[in-house]
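Undergrad: Need coordinates for the following:
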Amino acid sequence: MRVVGVDACRGGWVAVTVIDGAFDITTMASSLSTLFKRAPGAAATGAAGIDMPLGLLDASWRDCDTLARRLLGPRRGSVFAIPPRAVWECPDYPTAVRLCRELTGRGFSIQAWGLRAKLLEANAFRDQQARHDWRHGLYEVHPELAFAAMNGAPLADSKHTRAGQAARRALLREAMALPPDVAAPRGCPVTDLLDAAAVAWSALRIACGTGVVLPDPPQRDRRGREVAIRY
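TA: Prediction:
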């Protein structure tokens, strides 16, 4: 069983490949299409997970984000509220906030707006993948939910702290034999590498049919595509 976990990073995208439950290799590329060509066997994986919102609704907020925040307690701030589809088509943040308020009654964070380029790329890539009828699926995963599941509770320390990174490395060593000295590729902060590994762990659960879905059953967008977070 081969699965892949993907996270956005400063240099583009990073992927962690897991084979038979054990860490195998990291891959990095500037685009998702290139990444999936480079990652060993990525197009034939049992499942691929990505830490990026997949699926946008027409005029409302996504239930999966609300549910994830409730579950994560001290780490709830890592889940952004993702506004409707039309908001992401706006040319700038002030315009997007105005439209979001018209559609939903409230605005959204500048941090969420910072996802715009990668969010649009990931959703376009999923659409392309569906048209080519790839054998595996591409699923949205939130790494903090994965770490909480490994740990039995949300982690107390942020991933940006030394203690938080040590806790996440320890969980990944136990979960997938992540080498203690594994280094992030150039252009990829170690936090993104650890997140990609956690996403790969969730991808294995998805492939084996043991992953959790938020919500269950998932919401669907206007084309019937899934709007859910799995872990």
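Undergrad: tell me which element Lys37 is part of?
TA: helix 32-38 (DSSP states H and E).
Undergrad: Show me what counts as buried in that helix.
TA: The neighbour-count check on helix 32-38 (16 or more other C-beta atoms under 10 Å) flags Leu32, Leu35, Phe36 as buried. Bear in mind the C-beta positions are built from the backbone N, C-alpha and C, glycine included.
Undergrad: What ranges does the protein have for its strands?
TA: For the chain, the strands defined by DSSP state E occupy 2-9, 12-19, 22-29, 47-51, 138-140, 213-220, 226-230.
Undergrad: right, and the ones you listed - which one's nearest Ser202?
TA: Nearest to Ser202, of all the strands of the chain, is strand 47-51, at 5.2 Å by C-beta to C-beta.
Undergrad: Need the residues that contact the closest one.
TA: Residues outside strand 47-51 that contact it (C-beta atoms under 8 Å, 6 or more residues apart in numbering) are 3-8, 36, 42, 122, 136-143, 195-196, 199-200, 202-204, 206-207, 230.
Undergrad: Who does that strand pair with, and is each partner parallel or antiparallel?
TA: Partners of strand 47-51 in the sheet, by DSSP bridges, are strand 2-9 (parallel), strand 138-140 (parallel).
Undergrad: bridging residues for Trp13?
TA: Counting by DSSP bridges, Trp13 is bridged to Ala8, Ala29.
Undergrad: Would you check that it makes contact with Thr26?
TA: No - under the criterion of C-beta atoms under 8 Å, Trp13 makes no contact with Thr26, lying 11.1 Å away.
Undergrad: Compare neighbour counts for those two and give me the winner.
TA: Applying other C-beta atoms under 10 Å to Trp13 and Thr26 shows that Trp13 carries more neighbours, namely 29 against 20.
Undergrad: Could you find the closest non-adjacent residue to the residue positioned nearest the centre of the chain?
TA: By C-alpha atoms, centre = their mean, the chain has its centre lying nearest to Asp51, at 1.1 Å. Leaving aside its sequence neighbours, Asp51 sits nearest to Asp7 (C-beta to C-beta, 6 or more residues apart in numbering; 4.4 Å).
Undergrad: Would you confirm that that neighbour contacts Trp13?
TA: Yes - judged on C-beta under 8 Å, Asp7 makes contact with Trp13 at a distance of 7.2 Å.
Undergrad: ok so, going back, lowest-confidence member of the buried residues of helix 32-38, which is it?
TA: Lowest pLDDT among the buried residues of helix 32-38: Phe36, with 90.
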